[in-house]
Structures are given as structure tokens and as C-alpha cells.
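Engineer: Sequence isn't available, so here's the structure alone:
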């Protein structure tokens, strides 16, 4: 029997780095934070926003990935993943990139007349570093459960974003 694991956003960071190094992708500067870059693609059926901090030498230091998921309570929902390059960990970069990415997403959707949406992060119950990021950026009230695909204990963090439209 094969042991399933949760999706590891560090693998996404590594492939994003490789694609930048090979010139296969060209993320663009964000609107609110020009030192944050975004790439919108659609690798499967669902759109994916990858927000990244990229050094002048092209090193991707941190990413936040938001993938369109099934609606929650009738509103759009995004699954959030994040990772920091090993060399740059324990410096607050995960919280910073997630916070900046969520601000950009909210700003972009407000301009597109999408005023409410949910963001969900599913974090391994054995991953205190990622739990701290999710608690600081999404919700400090996670729900414990078992991941339906990996069948491992997880904590689910959910936050509703609303914009008044003013």
C-alpha cells in the first residue's frame, strides 16, 4: 500500500524556480506591491495564481499559491499553499508573502466586482511552522480533520474576505 501525503508547496516552489531559470515563465509585478510577482496559469481545469518574491538574481525566496476550488457557501473559494526556499526560512517570509498575496487577490477581485470569497488552507497536523502561518494569515480557529485524499490528520483554516465596494 502506498502512503499518501499532502501536497507539498515546496515542490511548487522548486518547479516555479526551474521555470524562471529556464525562461519558461514571466511573472509580472503586482499592483499593490511591485516587489511581489504573480503568474496566472491553468495547469489543470482550475485557474492558479502563484505569487512570488523573487530576488534580483532570479532566486525565488517564497511563494503563495492560490488555486480555484469548489465554491464554499455559494462563494468562490481558493485553496492556499505556501513555501519558502530553505535558505530563507525562519525570517517571517511565509507570513509576509501570504499576507501580500491575499491583499493583491482581494484588490484584484474588488476591481472585477467580486466582493466576497473564501480562502482555505489545509495544513498537516504535524507541521507547526505552516500552522503558525495559517493562524496568522487565515484564521486562529482551525478545524481538525482527516485529509480526504492523503488520509492524514490535518487542520483546516478558512477565512472569508469581503469588500464593501466603496
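Structural biologist: Cool, got the structure. Since we're looking at a predicted model, the values are computed, not measured.
Engineer: which residues are in contact with stretch 83-103?
Structural biologist: 8-10, 12-13, 17, 30, 32-33, 36, 38, 49, 51-53, 59-64, 66, 80, 82, 119, 129-130, 132-133, 136-137, 161 (CB atoms under 8 Å, 6 or more residues apart in numbering). Every residue, glycine included, has its C-beta placed from N, CA and C.
Engineer: need the contact list for residue 25.
Structural biologist: Per CB under 8 Å, 6+ apart, neighbours of residue 25: 16, 19, 39, 41.
Engineer: how close does it get to residue 151?
Structural biologist: Going from residue 25 to residue 151 by CB to CB, to the nearest Å gives 33 Å.
Engineer: again, but for residue 70
Structural biologist: 19 Å.
Engineer: Which one of the two is surrounded by more residues?
Structural biologist: Higher neighbour count among residue 70 and residue 151: residue 151, with 11 against 8, using other CB atoms under 10 Å.
Engineer: separation between the more buried one and residue 117?
Structural biologist: The value you get for residue 151 to residue 117, if CB to CB is used, is 28 Å.
Engineer: And residue 27, by the same measure?
Structural biologist: Residue 27 is 22 Å from residue 117, by CB to CB.
Engineer: re the thing from before, any idea which of the contacts of residue 25 the model trusts least?
Structural biologist: Ranked by pLDDT, these bottom out at residue 41 (94).
Engineer: That residue and residue 67 touch, don't they?
Structural biologist: No. The criterion here is CB atoms under 8 Å, and residue 41 misses it with residue 67 at 10.3 Å.
Engineer: Need the residues touching each of the two.
Structural biologist: In contact with both residue 41 and residue 67: 47, 48, using CB under 8 Å, 6+ apart.
Engineer: Comparing the two, which residue is more hemmed in?
Structural biologist: Taking other CB under 10 Å, residue 41 and residue 67 do not tie; residue 67 has more neighbours (18 against 11).
Engineer: now that one, which residues is it bridged with?
Structural biologist: residue 48, residue 79 (DSSP bridges).
Engineer: That one is in contact with residue 46, isn't it?
Structural biologist: Yes. In this structure, residue 67 is within contact of residue 46 by CB under 8 Å, at 5.6 Å.
Engineer: Tell me the buried residues in the helix or strand containing residue 104?
Structural biologist: In this structure, residue 104 sits in helix 93-111 according to DSSP states H and E. Buried residues in helix 93-111, counted by 16 or more other CB atoms under 10 Å: 93-106, 108-110.
Engineer: just the helices in this structure please.
Structural biologist: For the chain, helices defined by DSSP state H occupy the ranges 9-21, 93-111, 128-137.
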